[in-house]
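Visitor: Here is my input, please return the structure:
(chains A and B)
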2 protein chains.
Amino acid sequence: MDTAFVLYDELTALDLVGPYETLAAHASVRAHFVADRVGPVRADNGLTLHADTAFDELPRPDLIVVPGSSRWRDALANTALVSWLRSASPTATWTTSVCTGSLLLAEAGLLTGRPATTHWGVHDVLAAYGVEVRDERVVRDGRLITAAGVSAGIDMGLTLAASLWGEEVARVVQLMLEYDPQPPFDSGSPARATPETLAAAVALMG
Amino acid sequence: MDTAFVLYDELTALDLVGPYETLAAHASVRAHFVADRVGPVRADNGLTLHADTAFDELPRPDLIVVPGSSRWRDALANTALVSWLRSASPTATWTTSVCTGSLLLAEAGLLTGRPATTHWGVHDVLAAYGVEVRDERVVRDGRLITAAGVSAGIDMGLTLAASLWGEEVARVVQLMLEYDPQPPFDSGSPARATPETLAAAVALMG
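Guide: Below is the predicted model of the structure:
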């Protein structure tokens, strides 16, 4: 299964690495780190990842994983990226996104009229594309799976692993990753964060 | 705060990227991606990260983040890595690890007689270093914080963020990352996985 982990300037690294870590260890996965050119790609908090495949070298992946970015407005203007998503997705068995990655899928015209999700801070932006935005952590619509913000990519990856290989394999992956989350606080969703926490986060998102 | 995110061949990317994503956005953090040489470092599932700083260029970081590896036996034989940890940790304000990263700290002699944790699959290996192994997700002992397997680095990062900047900042980070985990299964710890799942995971770890 040729799997395209999509890289672009200012991506959020955890959006990508969550699904990657749940999927890439499986023997059936041929992982490709795909960008508009082979070489370094800088994530939005400074980590540099390496793209080993150019978009035109992988026109027909079986699985596409699209991370988001805190600079999602810039990403939407990345025509090489959006064009590749538009052409590669129809022949892919699975198209997936994490966080604002779903905005890129929407910009490529892939989500119109379909249920999907994204980071809580940009539900309105996704809705403006004519997407049926769901306030859920992982939304599956056929061969399309979208996840909420950043860390939701781990939950999405496990959901996809179960679809690909069965629930028992996904449970083994979960145990290997010791994914038994124990957040020290309970402010991971706008529904439970305090008004002060929510206001601070909204201000950071600009 | 000079922060050393430690890279080495065959590291587990999520071990590093979890804490990175919780910490590196803060204005006080100067993130350095440190390895035995500047250049590409391949993670254990194929993603390549870029080291921008050599160990000898950053002898006195303020904060050290050490990821683990599924190839932890090879990592323990990495003398440049272990030597740097041994020399850099005593002057660092914080030394932290995720997953089998704590084995590297133990190999460097930094955990003897102290409470710490690691991936559930290598508790016995850590104990053999004379470490007081705790079956907890995040263990803090003064300025040393160790986390359990892979995904526990997110919980560790939030715990550290609260210590560094206060609980309210950590809550905002949690909300930005939409860290409201909803694992689709409940097999993330050996205590709750079925015997079959546990046996399959143990077999994979070899």
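
Visitor: Which parts of chain A are strands?
Guide: Ranges of strands in chain A, per DSSP state E, are A:2-6, A:30-35, A:39-42, A:48-51, A:53-54, A:63-66, A:94-98, A:115-116, A:132-133, A:138-141, A:144-147.

Visitor: Isn't A:Val17 up against B:Asp15?
Guide: No - assessed by CB atoms under 8 Å, A:Val17 is found out of contact with B:Asp15, at 9.6 Å. C-beta here means a position set from N, CA and C on the backbone, and glycine is covered the same way.

Visitor: dump the residue contacts of the nearest residue to A:Thr22 once chain neighbours are set aside.
Guide: Counting by CB to CB, 6 or more residues apart in numbering or on different chains, A:Thr22 lies nearest to A:Gly157, which is 3.0 Å off, once chain neighbours are set aside. By CB atoms under 8 Å, 6 or more residues apart in numbering or on different chains, A:Gly157 lies in contact with A:18-23.

Visitor: between the lengthiest helix in chain A and strand A:94-98, how big is the angle?
Guide: Once chain A is assigned using DSSP state H, the helix that runs over the most residues is helix A:152-165. Interaxial angle, helix A:152-165 versus strand A:94-98 (axes from the mean of the first three to the mean of the last three CA atoms, to 10 degrees): 160 degrees.

Visitor: any idea of the mean pLDDT for helix A:152-165?
Guide: Mean pLDDT, helix A:152-165: 98.

Visitor: do the same with stretch A:51-66
Guide: 98.

Visitor: what do you get for stretch A:179-189?
Guide: Rounded mean pLDDT across stretch A:179-189 is 96.

Visitor: That stretch: how far from the chain's middle?
Guide: 20 Å (CA atoms, centre = their mean, to the nearest Å).

Visitor: residues of that stretch that come out buried?
Guide: Neighbour-count burial for stretch A:179-189, counted by 16 or more other CB atoms under 10 Å in any protein chain shown, picks out A:179-181, A:183-185, A:187-189.

Visitor: Of the residues you listed, which ones also sit close to chain B?
Guide: Restricting the buried residues of stretch A:179-189 to those near chain B by CB under 8 Å from any CB of the partner chain leaves A:179-181, A:183-185, A:187-189.

Visitor: Helices along chain A, start to end?
Guide: A:13-23, A:72-76, A:79-88, A:101-107, A:123-127, A:152-165, A:167-176, A:195-205.

Visitor: And the contacts of the lowest-mean-pLDDT helix or strand in chain A?
Guide: Counting by mean pLDDT, DSSP states H and E, chain A has its least confident helix or strand at helix A:195-205, which shows a mean of 94. Applying CB under 8 Å, 6+ apart, the contact partners of helix A:195-205 are A:70, A:121, A:187, A:190, A:193, B:168, B:171-172, B:175-176.

Visitor: In it, which residues are buried?
Guide: So, applying 16+ other CB under 10 Å, buried residues of helix A:195-205: A:197-198, A:200-201.

Visitor: Would you mind giving me the confidence score for A:Thr118?
Guide: 98.

Visitor: count of neighbours near it?
Guide: Using other CB atoms under 10 Å in any protein chain shown, the number of residues around A:Thr118 comes to 33.

Visitor: Next, it: phi, psi?
Guide: Dihedral angles of A:Thr118 (phi, psi; degrees, to the nearest 10) stand at phi -170, psi -180.

Visitor: OK, contacts around the residue sitting nearest the centre point of chain A?
Guide: Closest to where the C-alpha atoms of chain A average out (CA atoms, centre = their mean) is A:Val98, at 2.2 Å. Contacts of A:Val98 were listed using CB under 8 Å, 6+ apart, and they are A:15-16, A:18-19, A:65-68, A:146-147, A:149-150, A:152-153, A:156.

Visitor: With A:Asp155 instead?
Guide: With CB under 8 Å, 6+ apart, A:Asp155 has these contacts: A:137-138, A:147, B:181-184.
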